[in-house]
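Participant: Predicted model and sequence follow; I will ask about them next.
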Amino acid sequence: MRVLLIEDEEPLRVVVADSLRDEGYRVLTAADGVHGLQTAVDQEPDLILLDVMLPKLDGFAVCAELRRRGQHMPVLMLTAKGLVDDRVRGLDAGADDYLVKPFSLAELHARLRALLRRSQVQGSGPSEVQLGDVTVCLAERQCRRGKIPIAMTAKEFGVLQLLIEHAGKTVTREQFLDLVWGYAAFPTTRTVDNHIARIRSKIEPDPKRPAYILTVPKSGYRLRVGA
C-alpha cells in the first residue's frame, strides 16, 4: 500500500514516514499543500495523511480539491486543533477520519488499517441489486421500491451495502462496527441490531419474517439474494 504524507513539520514528517515504512507501507511525502495536491493527483496513493495547517494551500482546500477532481482514496486529517468545528470542517471537505496532535503511532497505524479495510470492501461487489421489488443502487447510494425512493440514513445504507458486498456470507456484528462505523466511533453491537431492524422495516415484505436479511445466531447477519 502506498501512503502519501503531507506534513510541513519536518521532525514529525520523518518520524511518521519511518514508522509507516517499518509497517511495510511505501511512503510518499510532501511539505506543502500545493506539492501534496499535485503528488496525490499524479501518484494516486492508496491513502493520504493530510495535515490541516500547511503552507501555500491548507489541508481543507487540498481535500476539497481532491474530491472535486474525483479522487476517492481515504484521507486521514492530522490537526493540532481539537475544536469540533475544525473536525466537522475537515469531514465536510471530504476527509474520512481525523487524528488530533499529539497522537500515538500505534493509534495512527490502527486508524490507517481501518480506513484501508473499509476502502477495500467498498471497492468490491455489484453496482445494483434487486431484492424483490426493491432496487438497491450502490453507485448512487439509493434504494427505491419501483419508482418510489426509500429513505435511508448513511449508516443504514452502509450496513446494507456491506451485506450486499458479502451476499451469501455471514457478516459479524464486529465487522459492521469496524467497516461501517469505523475505528473512531464507539457504538455497541446493539447498534447494529437496531439498524438491521430499521432496514428490514423498509425493504422486507414482512419484517417479522425476513426473506433477505437473515439472522445468523450468535454471530451476525447474512443477505440472501434471489429469495
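Facilitator: Looks like it arrived, so ask away.
Participant: rest of the way, CA atoms for contacts and neighbours
Facilitator: Will do.
Participant: and the worst-scoring helix or strand of the chain on mean pLDDT, what does it pack onto?
Facilitator: In the chain, the helix or strand scored least confidently by mean pLDDT, DSSP states H and E is helix 84-92, which has a mean of 74. Secondary-structure packing of helix 84-92 (3 or more Cα pairs under 8 Å, 6 or more residues apart in numbering; DSSP states H and E): strand 97-100.
Participant: Can you list the buried residues in the strand it packs on?
Facilitator: The neighbour-count check on strand 97-100 (16 or more other Cα atoms under 10 Å) flags 97, 98, 99 as buried.
Participant: My guess is the second one contacts residue 77. True?
Facilitator: When you say that, I think you mean residue 98. Yes: contact criterion Cα atoms under 8 Å: residue 98 and residue 77 qualify, at 4.5 Å.
Participant: Need the residues touching each of the two.
Facilitator: residue 90 (Cα atoms under 8 Å, 6 or more residues apart in numbering).
Participant: which residues in this protein form strands?
Facilitator: Remark: strands assigned in the chain by DSSP state E are 2-6, 26-30, 47-51, 75-79, 97-100, 128-131, 134-137, 142-145, 148-150, 170-172, 213-216, 220-223.
Participant: Kindly reformat those as TSV containing mean pLDDT and distance to residue 13.
Facilitator: Putting the strands of the chain into TSV (pLDDT from 0 to 100; distance: least, Cα to Cα, whole Å) gives the following:
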stretch	mean pLDDT	distance to residue 13
strand 2-6	95	7
strand 26-30	94	8
strand 47-51	94	10
strand 75-79	89	11
strand 97-100	86	15
strand 128-131	88	42
strand 134-137	92	41
strand 142-145	90	40
strand 148-150	92	46
strand 170-172	91	37
strand 213-216	96	46
strand 220-223	95	41
